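Pasted the sequence and its predicted model underneath.
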Amino acid sequence: MSKALKLGVAGLGTVGIDALKLIALHGERFASRTGCAVEIGGVSARNRRKNREIDISPYEWFDDPVALAESQDIDVFVELIGGEDGVAKASVEAALKAGKHVVTANKALLAHHGIELARLADAKGVALSFEAAVAGGIPAIKTIRESLLANNITRVYGILNGTCNYILTQMQKEGRAFDEVLQEAQDAGYAEADPTFDIGGYDTAHKLAILTTLAFGVETSIDTVYVEGIESISLADIEAADDLGYRIKLLGVALLTESGIEQRVHPTMVPKNTAIAEVDGVTNCVAFDGNFVGDILLIGPGAGGGPTASAVISDVLDIAKGRISPPFAWRTEDLKPYERARMRSHEGGYYIRLKVFDRTGAFAAIAGRMAEHGISLESIVQRRPAAALPGLDARGDDGAPLPVVMITHETTEAAIRAALKAIEDEGNVQERPRMIRIEKL
Ligand code: HSE
């Protein structure tokens, strides 16, 4: 057997501790699977004396993660600190410059600086691996890098944020409002104290930007991802969607189009009879459309110590086997500039919910505005009080607003936005129309 592969683990939160536990538990198996033992060459975290689940005293301690990254005693620097800049970036750069392999779970670092770090790794002939950065335990990155490498991928999409999926699932299953479920998720520790990054869609956008580079061979472009979060999804939308045969999910979608690549994160209607509609709670999923393989859907845990440590150590074991792939699945020098397809050109079906004043001609005027913009309607639901969509304020008094829900045939974002503006300006609706995109699956 060749000499042991020595890891420097920086960041001893849940994932770091589970990674150490995994190596302690399965170390012998690793040696027989890779031909190389895996050992710990040093650890670093903010607080040495913190009470941890395991005894870290056998491991050499480094106050400074950069010193650990440069240590002669390690071959692989495992960065589990987090954050797009600061000490995480400094220590990863130091490790790569020192010719150490890097394994990281840091999606923000990769979404913002992935290409420059990949160039550093290439220059030194070392690995930069990040299976854990996207969808935790789901092997999304290896699937693109290895299993689907023969294909042209035309679309990659998924449920990439467990917090959002938990909230939407609870709203749908228990008929509870967004704020109430978010509060419960925070109390239970599922959602961060400041949940903006998750519910605003930014966490999903970071993961999507990484998948886009891997799938399409373009430079990462986090700043051009179109992002809408789930804050404005109401119980009325969830229940109307259910009534029409859909579920609402926060999807990240990267799609190859004739005018460039769409990268978008937004609440999305998916037909109830699809597998993705059944992905509930904190579970994540990642889907790929490949030109030869067809459609692939991977479902599993997107966060948590065990699943994320499993992904981290799978990258370590690739290095132990001597498998060094280009970080983003394409030679870094071959990555093309990202060409953005404008959101206005997006094509698809749309769900629209209006509160229409109950007066003669209102509905005809709305239908007229849609027709003027070339939008064909697949279905329209307007209900009187007895059969009103649950959760909607449908009174049916003269002049009082009635809920109207429309599903359009395929159209463009530009047409929908123009039609909705015309409808709003005309004054037959009580509030700004609500629109949710429908993903073709
Ligand atoms: N906050 C993320 C989620 C997990 O809710 O899925 C880490 O990426």
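Structure's in. What do you need?

Name the residues of the chain found near the ligand, please.
With the criterion set to C-beta under 6 Å from any ligand atom, the chain comes near the ligand through 161-163, 198, 203, 302-303. Quick note: C-beta positions are derived from backbone N, CA and C, even for glycine.

State the pair within those residues that is farthest apart.
Farthest apart among these by C-beta to C-beta are Asp198 and Gly302. That separation is 11.3 Å.

Name the residues of stretch 97-104 that are buried.
98, 100-104 (16 or more other C-beta atoms under 10 Å).

I meant to write stretch 336-350 there.
338, 340-341, 346, 348-350.

Now do the end-to-end distance for it.
Stretch 336-350 has an end-to-end distance of 32 Å (criterion: C-alpha to C-alpha, to the nearest Å).

got a list of contacts for that stretch?
If you take C-beta atoms under 8 Å, 6 or more residues apart in numbering as the criterion, stretch 336-350 is touched by 212, 217-221, 224, 226, 255, 257, 259-264, 378, 407-414, 416-417, 435-440.

Mutual contacts of Asp198 and Gly302, please.
Shared contacts of Asp198 and Gly302, defined by C-beta under 8 Å, 6+ apart, comprise Asn161.

Neighbour count: the two, which is higher?
Set Asp198 next to Gly302 and count neighbours by other C-beta atoms under 10 Å: Gly302 wins out with 27 against 24.

Do you know the pLDDT at the more buried one?
Looking at Gly302, its pLDDT is 93.

so it touches Asn284, yeah?
Yes: contact criterion C-beta atoms under 8 Å: Gly302 and Asn284 qualify, at 2.9 Å.

Next, show the common contact partners of those two.
Common contact partners of Gly302 and Asn284 (C-beta under 8 Å, 6+ apart): 135-136, 138, 159-162.

Just the ones in strands from these, please.
Ile159 (DSSP state E).

how close does Val282 get to Asn106?
20 Å (C-beta to C-beta, to the nearest Å).

For the two, indicate the residue with more neighbours.
Neighbour tally, Val282 and Asn106, criterion other C-beta under 10 Å: the higher count belongs to Asn106, 25 against 20.

So for that one, what pLDDT did the model give?
Turning to Asn106, the model gives it a pLDDT of 96.

So that it lines up with my notes, have the first residue be 45 from now on.
Right, with 45 as the first residue, what we last looked at is Asn150.

Excluding residues flanking it in the chain, which one is nearest Pro351?
Leaving aside its sequence neighbours, Pro351 sits nearest to Gly181 (C-beta to C-beta, 6 or more residues apart in numbering; 2.7 Å).

is it true that the one you found touches Ile343?
No: applying C-beta under 8 Å, one finds Gly181 not in contact with Ile343, separated by 10.6 Å.

Report all helices and strands that the strand or helix carrying Asp62 contacts.
Using DSSP states H and E, Asp62 maps to helix 58-78. Applying 3 or more C-beta pairs under 8 Å, 6 or more residues apart in numbering; DSSP states H and E, we find helix 58-78 packed against strand 46-54, strand 80-88, helix 349-364.

List the buried residues in it.
So, applying 16+ other C-beta under 10 Å, buried residues of helix 58-78: 58-64, 66-67, 74-75, 78.

can you pull out the strands in the stretch 245-394 of the chain?
270-271, 290-301, 304-315, 327-334, 338-345, 391-401 (DSSP state E, counting those that start in this stretch).

Pipe these into CSV and attach distance to Val87 per row.
As requested, the strands of the stretch 245-394 of the chain are arranged in CSV below (distance: least, C-beta to C-beta, whole Å):
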stretch, distance to Val87
strand 270-271, 36
strand 290-301, 33
strand 304-315, 35
strand 327-334, 28
strand 338-345, 25
strand 391-401, 48
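
and Trp105, which of those strands is closest to it?
Among the strands of the stretch 245-394 of the chain, strand 338-345 comes nearest to Trp105, with 30.6 Å by C-beta to C-beta.

Now that we're looking at Asp231, what pLDDT does it have?
Listed pLDDT for Asp231 reads 84.

Near it, how many residues? Count them for me, please.
Neighbourhood size, Asp231 [other C-beta under 10 Å]: 9.
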